[in-house]
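K.L.:
Got a predicted structure here, sequence first:
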Amino acid sequence: MIIISTRVVIALTLSCVLLSTSAAIAAPQSIAVLNAQGQPAQNMVVYLLPSDPANIVTTVAPPKAEVHQKDKQFSPYITVVQKGNDVAFVNEDDITHHIFSALGPKRFSFKLRHQQQQQILKFEQTGHVSMGCNVHDWMSGHLLVVDTPYYAVTNLEGIVAFADLPADDFKLVVWHPQLKMPDNQQVKTVHFPRDNAMTITLQAEFDNIPSQQSLDEFEFLEGY
């Protein structure tokens, strides 16, 4: 007969509890965003701000943030980056772009010629950066700088998922530059981890997204 001491039983029980808790916290937390008509809302920024500042810790390298100029458009239209990280601007067109931002936490203006080495900027303040092009005035793009590693953009089904969230109360922010709400965002407080997926229904409509194309064939001044 094998005799197991009480101390061993307690240790094994605690180990099982800790493993169970870790698994629960590590389980992906799914969030679905619906528009006011109940349809999936794609390309919405969703980010989580933990109530405990100690939980704002980046345990892995953040995804490389790039803003491309392709077919005379910003691609993607919306980019998210954590405060303190770099963003690379890459011109894939065979023409010159003159990228600028006149509003927001970081103002900049630079030319980016075809096949030129990418321009890299560091964003050290949170906020919304609205971008344009001095050569192609129909181009518009947006960059959101957040003070959290927990951010994502909804897919075609309006869904994001976060893995390895710490147990905490979070301020959940849903943002889009055309969302007609104060600061273009809807905010909710929620506790993670949760046992079930959650759904956020937006309480406002959207302004029209500007058309990303020219009305004529004008390109740029020779030698610009």
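P.N.:
Okay, I see it. Numbering: from 1, shown residues only.
K.L.:
Give me the sheet partners of the helix or strand where V87 lies and which way each runs.
P.N.:
Element membership for V87 (DSSP states H and E) is strand 85-91. Neighbouring strands of strand 85-91 in its sheet, by DSSP bridges, are strand 65-70 (parallel), strand 119-123 (antiparallel).
K.L.:
which of those strands is buried the deepest?
P.N.:
Across the strands paired with strand 85-91, averaging neighbours per residue (mean count of other Cβ atoms under 10 Å) puts strand 65-70 on top, at a mean of 19. Quick note: C-beta positions are derived from backbone N, CA and C, even for glycine.
K.L.:
After that one, which helix or strand is next?
P.N.:
strand 73-75.
K.L.:
Do me a favour and average the pLDDT over that following strand.
P.N.:
Regarding strand 73-75, the rounded mean pLDDT is 94.
K.L.:
buried sites along it?
P.N.:
Going by neighbour count (16 or more other Cβ atoms under 10 Å), the buried part of strand 73-75 is 73-74.
K.L.:
Kindly report the same for stretch 126-136.
P.N.:
Buried positions in stretch 126-136, judged by neighbour count with 16+ other Cβ under 10 Å: 127-129, 131-133, 135-136.
K.L.:
export those residues to TSV and tack on secondary structure and pLDDT?
P.N.:
Output for the buried residues of stretch 126-136, formatted as TSV (DSSP: H, G, I helix; E, B strand; the rest coil; pLDDT from 0 to 100):
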residue	secondary structure	pLDDT
G127	strand	97
H128	strand	97
V129	strand	97
M131	strand	96
G132	strand	95
C133	strand	94
V135	coil	90
H136	coil	90
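K.L.:
Fine, thanks again, bye for now.
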